[in-house]
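J.: Starting from these lines, generate the structure:
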Amino acid sequence: VQLQASGGGLVQAGGSLRLSCAASGSIFSINVMGWYRQAPGRQRELVAAIKSGGSTNYTDSVKGRFTLSRDNAKNMVYLQMNSLKPDDTAVYYCNARIGTKTSGHLFWYNYWGQGTQVTVSS
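T.: Coordinates of the predicted model:
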């Protein structure tokens, strides 16, 4: 199972970016998908997460600016980031809790994608 993230880049404050993440491999089911970020010198933090049923949660600092969506048929998750601020600058990591079947048994694992850099200039 792999998570492939894309969409980072450099943008001016007030601009927008869209991150995408695709899960591939031997996937039976995906529970939660989401994005974390880590700025230099800071701990990795949850940005937003979405359950398979569509319910979402966001960290307070991005509420009203970021929108998380998911395409269950394609095993993809998207993070639309608007009104970006310099404080949003970080490496963004896709995360998913994925179930795989082995010998008839379902196992759940937590997977991470490679980071994608988001830089917001003032």
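J.: just to confirm, which helix or strand has residue 14 in it?
T.: With secondary structure defined by DSSP states H and E, residue 14 is part of neither a helix nor a strand.
J.: so it makes contact with residue 81?
T.: No. Counting by Cβ atoms under 8 Å, residue 14 stays clear of residue 81, with 11.3 Å between them. C-beta: built from backbone N, CA, C; applies to glycine.
J.: Comparing these two, which shows the higher neighbour count?
T.: Ranked by neighbour count (other Cβ atoms under 10 Å), residue 14 and residue 81 place residue 81 first, with 26 against 11.
J.: dump the residue contacts of the more buried one.
T.: Neighbour list for residue 81: 16, 17, 18, 19, 62, 65, 66, 88, 118 [criterion: Cβ atoms under 8 Å, 6 or more residues apart in numbering].
J.: do that again at 7 Å, thanks
T.: Contact criterion Cβ atoms under 7 Å, 6 or more residues apart in numbering gives 16, 17, 65, 66, 88 as the residues in contact with residue 81.
J.: Report the mean per-residue pLDDT for stretch 45-54.
T.: When the per-residue pLDDT values of stretch 45-54 are averaged, the result is 96.
J.: what do you get for stretch 70-89?
T.: The pLDDT scores in stretch 70-89 average 97.
J.: what's the offset of that stretch from the middle of its chain?
T.: If you compare the mean C-alpha spot of stretch 70-89 with that of the full chain, they lie 6 Å apart, counting by Cα atoms, centre = their mean, to the nearest Å.
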